[in-house]
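>>> Give me a 3D structure for the following:
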Amino acid sequence: MDWLHIRGLTREPLDAITRAHGAYVAIVKGRDQIVVGGTREALAAVIHDARLHSAERTTMLPLAVPAHTPLLADASDRFRQALAKAHLAAEIPSGVRLLSGIDGDTLFDVRAGAHKWRAKSNGWWTWLPAWSRAAPPTLPRLFN
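Next comes the predicted model:
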């Protein structure tokens, strides 16, 4: 499993390209900044087609976890089972701010947060809403 950042190509053409090559949109950072996950072979084909569709830039990323893709389904299911058996406190301790990694919302109930994670753990997510709620305005620029 590898990751690929694509800049300058919107979701519609990229969805068709990823479907054709067995790769998956993992993170949507912006209208034309998208991270794709898949095998090295699939991503090589995505790079080729993205460039044919005038993508401004394609960059392989040094990550090996298939997060936010269906490739994580087996591990995600095992983790969900373990999480279901875990003892989770019903309330967030006073003075602690817990943010959902899925959408950046503040969580007030630990079980609701765990349920949200289980529902979304192996699907793509949108970067900007989570970061805009969780980080100072200058932080997302550091990652672009």
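
>>> separation between the residue sitting furthest away from the middle of the chain and Phe108?
The outermost residue of the chain relative to its centre, with distances by C-alpha atoms, centre = their mean, is Ser94 at 29.4 Å. For Ser94, the distance to Phe108 (C-beta to C-beta, to the nearest Å) stands at 12 Å. Glycine gets a C-beta too; all of them are placed from N, C-alpha and C.

>>> still on that earlier bit, part of a strand, is the residue farthest from the centre of the chain?
No - following the definition DSSP: H, G, I helix; E, B strand; the rest coil, Ser94 is coil and is not counted among the residues of a strand.

>>> per-residue confidence at it?
According to the predicted model, the pLDDT of Ser94 comes to 78.

>>> count of neighbours near Leu14?
22 (other C-beta atoms under 10 Å).

>>> swap in Ala89?
Here the neighbour count serves as a burial measure; for Ala89 (other C-beta under 10 Å) it reads 9.

>>> before we move on, what about the one 10 residues further on?
Around Leu99 sit 15 other residues, with neighbours defined as other C-beta under 10 Å.

>>> Can you verify my assumption that it contacts Ile92?
No - under the criterion of C-beta atoms under 8 Å, Leu99 makes no contact with Ile92, lying 10.6 Å away.
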